[in-house]
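Chemist: how does the following fold in three dimensions:
(chains A, B and C, ligands or ions: 1)
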Amino acid sequence: MEYLKNLNDQQLKAVQKIEGTVLVFAGAGTGKTKTLVSRVFNLLEHGVPPENILLMTFTNKASNEMLQRIEESGYINGKLPFVGTFHKFGNIFLSRNHHLLEGRDGNFRIIDYSEVKSIVKWILDEDEKYRKNFSSDEVIKLISKMKNSNVQSHEIEKIIIPMVYDRDIFVKLYQRYDAEMIERNLIDLDDLQILTYKILKDNKELRDKYSNYYKYIMIDEFQDTNKVQYEMLKLLLETHSNLFVVGDDDQSIYGWRGAEVTNILNFDKDFKDVTKIVLNKNYRSTKNIIEVANTLISHNKLRIEKNIISARESGEDIFHFQFDDDIAEAKFVAKEIEKLIKNGEGPEDIAILYRMNSLSFHVENALLERDIKYEIKGKKSLYMRNEIREVINILNLISNPFDDLVFLSVLKQTNGIGEQTIAIVNQLAKDEMTSIYETLKSENLSFHFKTRARYLKTLVEKIELMIDLSKNDLDKFTEEFECQFEIKNKIEKYLKKEKISKENKDKFETKLGNINDFYDLMHRFFATNRGEIRAFINMYAINGEDEDRIQAVNLLTIHLSKGLEFKHVFILGVNQGFLPSFASDNEEERRLAYVAFTRAKDKLYLIYSKQRTIYGRRQDSKPSRYLHEAELIHSARIEQNRHKTAESEGEFSVGNYVKHNKFGNGEVKHISKQGREIFLDVAFENKVRKTLISTVLQKVNS
DNA sequence: TTAGCAGTTGTTTTT
DNA sequence: CAACTGCTAA
Ligand SMILES: Nc1ncnc2c1ncn2[C@@H]1O[C@H](COP(=O)(O)OP(=O)(O)OP(=O)(O)O)[C@@H](O)[C@H]1O
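Modeler: This next block holds a predicted model:
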């Protein structure tokens, strides 16, 4: 059998074990994914019906790739296995079964981050108390954390949040949020998992049906599964217990969104009769790359030691260099890539990795300058930009004027309508127990709104005009859309004004360009597909733009690079504060660097600089501690602390009392300086300890 | 009642 | 840099 030929003994052993529980535990590039796919082939070869196989991947991209390989294997003639993310599984499951939840019926709509945010903001505005204690981002983060840890809003005793926050108020917010989601029949990304779990848990018959159907369950990147996924998995295993998972604790990089590495570390104890297979031969990278990666990751304490050995030649040395600033960095990278391509390398074999999306900026310019094609993976796509959201909000409203959430967003962005008017509209609709659209149509507007009635009336008329047009003449739709709502026109008018700064001019010109691009897409879509508006929105909202098979240099974050491999890998911003990030200098950051290093097959470039821009300001920046730890640079005294510490700095000294408007009073324990900013390590009276920038703190006398 | 300006603040990663 | 807050003229 072809698929068994290129496997080593250990891989073969894993592939050929058909029944029971298997854990493939192995470091980067040792062939875990390859083993997983081969095992699917082996199951099919042994006559397992494809539809009885459930294969969970971490990203949609990974699942598409695997599915393609399975389809091309020749074992498939009818049904396919389920290959996808837990989210996709949840989406399909809920489409069939969400009516089993109390208060849910009909078709739900999945909302993205920006809509979650506007719901949370509406809720926060309901009560002064809410607004004083939480920002919308905090609430979103905490609710997401709860949902990923499998804590629902009615399980009050299980809701545990950091001490800084008022727990009682948070419980109320979480419950309000859930109520709102049910009321509007909306589902957020976390709901796709937790609600699936809840339904399976509460409905024995359904659970039996599913767990009987999926005879073989497999999971890739098991180190990054969270609590809900783990519990859901156990429910699905009730009938057959044929489980095959692969993972690497050293590559667990999603702890911040609830992934629990203990799922893989305690796997042998938590499941019975586990066959554990360890792979340690790396087929991907040269010896030099693996040596550096191994040296770095050995600094982590919370890990299981693996000794990975490269099956390849020593290869080229690791390139590392400190440039003057991020622009010099970018220029070098672009020049080097141009050289590689001239020497016959494919641009798609080259990747530029970074910790933060904002780091791609200068490299993009440098690549553009040299006319090198590149592709940014997962960048805030066109449709997430504010000016495009405005267009999409209106499109959404035209496609369904009864959706109040969308209506409120459109009201908010409409000239002439503001806070007061929106509050009244919202209240009126609530009183009438009907949608905003119907309220605005049936009520005597001039009675309630005086001068603002006119604005509301024209908005409704415009929407209705466009609804009509969308049914009759999609060819003219885009043109008429701009005529009615003047999204472009507003910006053009602004640009014609006398006194605008250069920055603003640039900013608004990009906005204009974005809108033009989007109108183009819209027009082309409506010209070719005589489809509905909804189809257009879904295409961009859910799938994003097609980003496949272009011959271009890859630009992506380290998080997105997990599971991928490239011949040449450039890592940008290998500086203290960037990798590791300012916000967290922990073992997960080191794992992130390990993942980045081990993506490279042939050559690894570590790029760092003396100065970097952040929030539009230039700052001095030191080389990353990981360069020392990987023994790439050696200095007489390795600086253990990431900041220079001092007894006093500016107006602050160690022992001072300071006040923060959220955390309260506390004592300064350490002072450090980075660039021009002063950071204070403060022990607050409520037992929270934090390092904060001095500008948010006030000195108090004690 | 709203738009627009000026001033402040926070540091990240995503299905 | 971008998101948010508070103030003021119209
Ligand atoms: N037995 C083998 N012989 C030759 N090449 C192999 C073998 N096993 C795997 N490879 C190759 O090694 C590379 C890495 O394999 P794979 O992506 O499956 O590793 P992985 O363990 O999933 O890596 P990671 O954890 O970094 O995602 C691939 O290019 C694969 O084709």
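Chemist: would you agree A:Arg176 is in contact with A:Ile123?
Modeler: Yes: using Cβ atoms under 8 Å, A:Arg176 makes contact with A:Ile123 at a distance of 5.0 Å. All C-beta spots, glycine's among them, are computed from the backbone N, C-alpha and C.
Chemist: remind me, longest strand of chain A?
Modeler: strand A:600-614 (DSSP state E).
Chemist: that one and DNA strand C, any residue contact?
Modeler: No: counting by Cβ under 7 Å from any atom of the strand, DNA strand C is not contacted by strand A:600-614; separation bottoms out at 7.8 Å.
Chemist: same check, this time on stretch A:410-425
Modeler: No: contact between stretch A:410-425 and DNA strand C is absent, the nearest approach being 9.7 Å (criterion: Cβ under 7 Å from any atom of the strand).
Chemist: any low-confidence regions in chain A?
Modeler: A:379-383, A:498-500, A:503, A:529-531, A:538-549, A:635-647, A:661-663, A:672-678, A:685-690, A:701-702 (pLDDT under 70).
Chemist: how is it partitioned into domains?
Modeler: According to automatic domain parsing, chain A is divided into the following domains: A:2-93+A:194-279, A:109-184, A:292-379+A:550-629, A:382-543, A:644-700.
Chemist: the residue located most distally from the centre of chain A: what secondary structure?
Modeler: Of all residues in chain A, A:Phe447 has its C-alpha farthest from the mean position, at 46.6 Å, by Cα atoms, centre = their mean. Classification of A:Phe447 by DSSP: H, G, I helix; E, B strand; the rest coil places it in helix.
Chemist: which residues does A:Val278 contact?
Modeler: A:Val278 makes contacts with A:10, A:25-26, A:306, as judged by Cβ atoms under 8 Å, 6 or more residues apart in numbering.
Chemist: go with 10 Å
Modeler: Residues in contact with A:Val278 (Cβ atoms under 10 Å, 6 or more residues apart in numbering) are A:10, A:23-27, A:30, A:304, A:306.
Chemist: so which of the residues you listed are in strands?
Modeler: Checking the contacts of A:Val278 against DSSP E, those in strands are A:23-26.
Chemist: check the residues you listed against the ligand, which are close?
Modeler: Taking Cβ under 6 Å from any ligand atom as the test, the ligand is in contact with A:Ala26 out of the ones in strands among the contacts of A:Val278.
Chemist: just curious, which of the ones in strands among the contacts of A:Val278 is nearest to the ligand?
Modeler: Set against the ligand, the nearest of these by Cβ to the nearest ligand atom is A:Ala26 (5.9 Å).
Chemist: show me what the helix or strand A:Asp520 falls within is packed up against.
Modeler: Using DSSP states H and E, A:Asp520 sits within helix A:502-528. Counting by 3 or more Cβ pairs under 10 Å, 6 or more residues apart in numbering; DSSP states H and E, the packing neighbours recorded for helix A:502-528 are helix A:386-399, helix A:477-485, helix A:487-496, helix A:533-542.
Chemist: of all the ones you listed, which one is nearest DNA strand C?
Modeler: Proximity to DNA strand C (Cβ to the nearest atom of the strand) singles out helix A:386-399 among the helices and strands packed on helix A:502-528, at 5.8 Å.
Chemist: tally of neighbours for the residue of the stretch 301-450 of chain A at minimum distance from DNA strand B?
Modeler: Using Cβ to the nearest atom of the strand, the closest approach of the stretch 301-450 of chain A to DNA strand B is made by A:Gly418 at 2.4 Å. By other Cβ atoms under 10 Å, the residues close to A:Gly418 number 13.
Chemist: quick check: it touching A:Leu456?
Modeler: No: counting by Cβ atoms under 10 Å, A:Gly418 stays clear of A:Leu456, with 11.9 Å between them.
Chemist: tell me the buried residues in the helix or strand harbouring A:His320?
Modeler: Using DSSP H and E, A:His320 maps to strand A:319-325. For strand A:319-325, burial by neighbour count (16 or more other Cβ atoms under 10 Å) applies to A:320, A:322-323.
Chemist: then stretch A:450-458?
Modeler: A:452-453, A:455-456.
Chemist: ok, back up a step: can you list residues touching both of A:Gly418 and A:Leu456?
Modeler: Shared contacts of A:Gly418 and A:Leu456 (Cβ under 10 Å, 6+ apart): A:Leu411.
Chemist: pretty sure A:Gly666 sits in a strand.
Modeler: Yes: judged by three-state DSSP, A:Gly666 forms part of a strand.
Chemist: residues near it, how many?
Modeler: 25.
Chemist: I figured it hits A:Val658, correct?
Modeler: Yes: because the distance of 6.1 Å satisfies Cβ under 10 Å, A:Gly666 is recorded as touching A:Val658.
Chemist: mutual contacts of these two, please.
Modeler: Both A:Gly666 and A:Val658 are in contact with A:680, A:682, A:684, A:692, A:697, A:700, where contact means Cβ under 10 Å, 6+ apart.
Chemist: so which of these sit within strands?
Modeler: A:680, A:682, A:684, A:692, A:700.
Chemist: and which of the residues you listed is nearest A:Ile487?
Modeler: A:Leu692 (40.1 Å; Cβ to Cβ).
Chemist: list the contacts of that closest one.
Modeler: Contacts for A:Leu692 (Cβ under 10 Å, 6+ apart) come out as A:658, A:660, A:663, A:666, A:678-682, A:684.
Chemist: what pairs with it across the strands?
Modeler: For A:Leu692, the beta-bridge partners under DSSP bridges are A:Leu680.
Chemist: roughly how far is the following helix or strand past the strand holding A:His320 from the heart of the chain?
Modeler: Next helix or strand after strand A:319-325 toward the C-terminus (DSSP H and E): helix A:326-342. Helix A:326-342 sits 28 Å away from the centroid of its parent chain (Cα atoms, centre = their mean, to the nearest Å).
Chemist: angle of helix A:326-342 against strand A:319-325?
Modeler: On the basis of axes from the mean of the first three to the mean of the last three Cα atoms, to 10 degrees, helix A:326-342 is oriented at 140 degrees to strand A:319-325.
Chemist: and the helix or strand that helix A:326-342 is followed by, what does it pack against?
Modeler: Proceeding C-terminally, helix A:326-342 gives way to strand A:350-354 as the next helix or strand, assigned by DSSP H and E. Applying 3+ Cβ pairs under 10 Å, 6+ apart, one finds that strand A:350-354 contacts helix A:326-342, helix A:360-369, strand A:374-376, strand A:553-557, helix A:558-561, strand A:566-571, helix A:587-597, strand A:600-614.
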